[in-house]
Structure formats: structure tokens, C-alpha cells
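**Q** Need a 3D model of the following:
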Amino acid sequence: MTRIVEGVDLAGRTAVVTGAASGIGRACAVALAEAGARVRVLDLEEDRAHEVALAIGGEAHVVDLSEPERAAHLAEGADIVVNNAGFQVVRPLEEFPPESFHRMLAVMVEAPFHLVRVALPHMYEAEGPAPPGSTVRWRH
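**A** Okay, the predicted model is just below:
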């Protein structure tokens, strides 16, 4: 593997990446693994999740984040959480199914909340978490 991130050592760290079977999520999973992190690959696409996990030496977890409480335990002990999973429905509002809106909120708002909430105790214990979207650590 060609290293994407030079000078970053994440050996001994555990990362959780949602939507990790393709696109930006896959790129994040690869970069984190190349930097030495153990990566938990979370995705709805079973074959692709296993393919990525195999390629980076990570763990594949096939999860439906529209049921966020069922996936939250996968963030236990995580030092890094990348909330990447998402989807879109493009329709005029009057044609937008309420169940799609509910699912969208669950995947893109509730799941990140539950995952980070489970990961925080370990992060605080280790070194303090980095604010979302940041590499700067802070203490509680």
C-alpha cells in the first residue's frame, strides 16, 4: 500500500468508519489503516465491507445505521470515529416520503450521536477527544 498520510502514527488506536465500503469512507478507512490504526469498517453493503476490511486488515461490520442503537456498541473503545455514512433522496417536498426523511435523520444525525456517545468515555480516558471535524484534542 502507498501511504497517503506521512508522519502520522496511529499504531494502537482503533478507528470506526461508517459508510466505509466505498467513496470517501473507504478512503478514510484506507488512510487510517495505513497510519497504523485498527479499523472497524461499518457499512450496509456486506460484500464491499468485507472487501475493504480484508484489503486493510480491518474488521467488517454489516450494519443498518437507520437503527442506530443497534450499531452503537461498535464504537466501544474507539479512539477515532469517522461519521461518513449518508444518502440522499432528491424529490420535490410534496413527493418526499416521510419514512425516507426519518431514515435519513436516523443515519445522518442519530447514528453519529449514538456512536460518539459510546466512544467518548474511552476517548476521555485516553487523551481527550478531538472535536468533530478536527484534529485538535481537548479535555472535558
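
**Q** chain center to the lowest-mean-pLDDT helix or strand in the chain, what's the gap?
**A** The helix or strand of the chain with the lowest confidence, counting by mean pLDDT, DSSP states H and E, is helix 68-71 at a mean of 91. On the basis of Cα atoms, centre = their mean, to the nearest Å, helix 68-71 sits 13 Å off its chain's mean C-alpha point.

**Q** List the buried residues for that helix?
**A** 68, 71 (16 or more other Cβ atoms under 10 Å). C-beta here means a position set from N, CA and C on the backbone, and glycine is covered the same way.

**Q** I'd like to know which elements it is packed against.
**A** helix 111-126 (3 or more Cβ pairs under 8 Å, 6 or more residues apart in numbering; DSSP states H and E).

**Q** quick one on the thing from earlier: outside of the least confident helix or strand of the chain itself, list whatever touches it.
**A** 42, 61, 63, 64, 65, 106, 107, 110, 111, 113, 114, 115 (Cβ atoms under 8 Å, 6 or more residues apart in numbering).
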